[in-house]
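Participant: The sequence isn't on hand, but the structure is:
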């Protein structure tokens, strides 16, 4: 088996798409996907039964609403949402985020909506 080493340039990857709330897979490690997404507006309230979720802001700022507090993330900051915690990401302006999630994680968790994606694209 040949070892494949790949360097990823996030600026280049973000330039390949314009859609919001549609994560793209940019890497894999330890049964997890490394995903990037452009976010704008409000997402949906949801939680993930079995997965923690990491959001890191690459560009812009993001608010993670929890039922009793709001977490504001600026460029270079990340927040880990523990499994089972209901949350809703909100981006007043376009924000670029990097996420680490187990491969089976559905973006809307326990909530089915028009924003649910079951087939993510690799870029």
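Facilitator: All right, it came through fine. Quick caveat, the model's predicted, so the values are computed rather than measured. Residues are numbered from 1 along each chain as shown.

Participant: Kindly give the local confidence score, pLDDT, for residue 99.
Facilitator: What the model reports for residue 99 is a pLDDT of 92.

Participant: what helix or strand does it sit in?
Facilitator: In the assignment (DSSP states H and E), residue 99 maps to strand 87-102.

Participant: any idea where the helices of this structure begin and end?
Facilitator: Assigned by DSSP state H, the helices in the chain fall at 10-14.

Participant: need the strands for it, in chain order.
Facilitator: With DSSP state E as the criterion, the chain has strands at 24-29, 32-42, 53-59, 62-66, 70-73, 78-81, 87-102, 121-122.

Participant: Of all those, which one is nearest residue 18?
Facilitator: Closest to residue 18 of the strands of the chain, according to C-beta to C-beta: strand 32-42, at 7.1 Å. In this view, the C-beta of every residue, glycine as well, is placed from N, C-alpha and C.

Participant: which parts of that closest one are buried?
Facilitator: Residues 32-39 are the ones in strand 32-42 that count as buried (16 or more other C-beta atoms under 10 Å).

Participant: give me every residue that touches the most centrally placed residue in the chain.
Facilitator: In the chain, the centroid-proximal residue (C-alpha atoms, centre = their mean) is residue 99; its distance is 4.2 Å. Applying C-beta atoms under 8 Å, 6 or more residues apart in numbering, we find residue 99 in contact with 23, 34-37, 53-56.
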